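>>> Need a 3D model of the sequence below.
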Amino acid sequence: MKEFDVYAYGVISSSELHLLSMPFPMPDAYAEIAQSHFMTGGEALNSAIVLSRLGLQVQLDGNWIGDTPVGERLLAIIQQHQIDTKRLQVKKGFSGVREIVFSDEQSRTIFGNYIDLLNSTRKWNIPQKADIAKAKMVCVDPPFKTESSLVAEYAIELGIPFVSIDCPFDQPLAYTATAVIISGEFRNREYPDIDLPDLFTEYHQRAQGLVVLTAGDDEILYGRKGMPIMRFKPYRVKVIDSAGAGDSFRAGVIYGMLNKWSDEQTIQYASAMAAMVCASFPGVLNSPPHGALMQFIQDYKKHQIDG
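Residues are numbered from 1 along each chain as shown. The predicted structure follows:
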């Protein structure tokens, strides 16, 4: 009997989210803040919260928590979502991982200290094989390199499926994953000169599992080696805030795989989760339960038919 549905390992951050009532300003210009909210950041943490709100049992591990009032507040929010935090460490003298996000209807601009986190001494936990063995599925972020790879190695050794994100196509974290999800943001940064279909082929021909390439509100490409490329048009919603959309999408993929759904149903579900998160503020902390998400899909399909 497994103790957890998901073991999530990766980035855990506090986030100050500011929703602008106008476009993000040019240098030396001004923009009005409509709403502000203290919330969560980091891929692993946001995915864990969405999964928890879907009713799953999640254990979270990753970078240390700052020994500050902000760190205390962040830890309290995580625990309020019934996420297992026994591996999380509050480190004295550490200010924590933090970000400030400004979001308008078209974009989000992030200021943070992630470069400092990843390019100095290690500030994250070494994953424990015993923890991973207690989970039905693993969710892993790539930034912690050796330790992130160790999570994948343990998962493979234990026969536990794992889902990764935003890693190069020639790295094991991509091609040994049960599913790998590549965002448009990562693709534009790491592979700006490769066309989307060509890049999909690079992942697709190596991958042992499902490959998914997202591109905001543009068409999603997905598929498995030896099978044709599949396409899905994301749900159209009025975007209030796009922060956490990719993390929510991954949570949807994990939920579908845990339920042994088809790839088509899984991608549909994940896309709906991302859409609903983008249509609320703050999205991740308001992510929908399963019933509300299924109703959204049903209503959307009905509207498409009636329209």
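>>> list the contacts for the closest residue to residue 63 other than its chain neighbours?
Leaving out its chain neighbours, the residue that sits closest to residue 63 by C-beta to C-beta, 6 or more residues apart in numbering is residue 124, at 4.0 Å. C-beta here means a position set from N, CA and C on the backbone, and glycine is covered the same way. Applying C-beta atoms under 8 Å, 6 or more residues apart in numbering, one finds that residue 124 lies in contact with 62, 63, 64, 144, 147.
>>> which residues of the protein score low on pLDDT?
Scanning the chain for pLDDT under 70 picks out 305-307.
>>> ok, and the closest non-adjacent residue to the spatially most central residue of it?
The centroid of the chain falls nearest to residue 247 when counting by C-alpha atoms, centre = their mean (1.9 Å). Nearest non-adjacent residue to residue 247, counting by C-beta to C-beta, 6+ apart: residue 46, 3.5 Å away.
>>> Tabulate the CA atom coordinates of the helix or strand encompassing that neighbour in CSV.
Assigned by DSSP states H and E, residue 46 belongs to helix 43-53. Output of helix 43-53 as CSV, limited to C-alpha atoms (Å, rounded to 0.1, in the frame of the first residue of the first chain):
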residue,chain,number,x,y,z
GLU,A,43,7.2,24.3,-10.2
ALA,A,44,7.2,21.5,-7.7
LEU,A,45,5.3,23.5,-5.1
ASN,A,46,2.7,24.7,-7.5
SER,A,47,2.1,21.3,-9.0
ALA,A,48,1.9,19.8,-5.5
ILE,A,49,-0.8,22.3,-4.5
VAL,A,50,-2.9,21.7,-7.6
LEU,A,51,-2.6,17.9,-7.1
SER,A,52,-3.6,18.3,-3.4
ARG,A,53,-6.6,20.3,-4.4
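>>> So what touches it?
5-6, 8-13, 40, 58, 60-62, 78, 81-83, 139-141, 165, 244, 246-248, 250-252, 254-255, 273, 277, 284-285, 287-289.
>>> Quick one: the strands in the stretch 51-200 of the chain, in order.
Under the criterion DSSP state E, counting those that start in this stretch, the stretch 51-200 of the chain contains strands at 58-62, 65-66, 90-91, 98-103, 108-112, 135-140, 162-165, 179-182.
>>> Let me have the ones you listed in a markdown table, extended by mean neighbour count and distance to residue 27.
Converted to a markdown table, the strands of the stretch 51-200 of the chain look like this (neighbours: other C-beta atoms under 10 Å; distance: least, C-beta to C-beta, whole Å):
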| stretch | mean neighbour count | distance to residue 27 |
| --- | --- | --- |
| strand 58-62 | 27 | 35 |
| strand 65-66 | 23 | 30 |
| strand 90-91 | 14 | 36 |
| strand 98-103 | 20 | 14 |
| strand 108-112 | 14 | 12 |
| strand 135-140 | 24 | 38 |
| strand 162-165 | 28 | 32 |
| strand 179-182 | 26 | 32 |
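>>> Using CSV, please lay out these together with distance to residue 36.
Below are the strands of the stretch 51-200 of the chain laid out as CSV (distance: least, C-beta to C-beta, whole Å):
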stretch, distance to residue 36
strand 58-62, 25
strand 65-66, 20
strand 90-91, 25
strand 98-103, 10
strand 108-112, 14
strand 135-140, 29
strand 162-165, 28
strand 179-182, 29
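>>> out of the ones you listed, nearest to residue 35?
strand 98-103 (9.6 Å; C-beta to C-beta).
>>> Could you export the closest one as CSV, CA atoms only?
Extracted in CSV, the C-alpha atoms of strand 98-103 (Å, rounded to 0.1, in the frame of the first residue of the first chain):
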residue,chain,number,x,y,z
ARG,A,98,11.5,34.2,-3.6
GLU,A,99,10.0,35.9,-6.6
ILE,A,100,7.9,39.0,-7.4
VAL,A,101,5.6,38.6,-10.4
PHE,A,102,3.8,41.4,-12.3
SER,A,103,1.0,40.1,-14.5
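>>> ok, it: who's next to it in the sheet?
When pairing is defined by DSSP bridges, strand 98-103 lines up against strand 13-20 (parallel), strand 108-112 (antiparallel).
>>> which residues sit against the shortest one?
So the one you mean is strand 108-112. Contacts of strand 108-112 (C-beta under 8 Å, 6+ apart): 13, 24, 41, 97-103, 241-243.
>>> at 6 Å instead, please
Contact partners of strand 108-112, identified using C-beta atoms under 6 Å, 6 or more residues apart in numbering, comprise 24, 99, 100, 101, 102, 242, 243.
>>> Kindly report the same for stretch 195-204.
With contact meaning C-beta under 6 Å, 6+ apart, stretch 195-204 is reached by 169, 191, 211, 213, 221.
>>> Would you mind giving the secondary structure of the fourth one?
Read that as residue 213. Taken by DSSP: H, G, I helix; E, B strand; the rest coil, the conformation at residue 213 corresponds to strand.
>>> which residue packs closest to it, ignoring adjacent ones?
Nearest to residue 213 is residue 221, by C-beta to C-beta, 6+ apart, at 4.5 Å.
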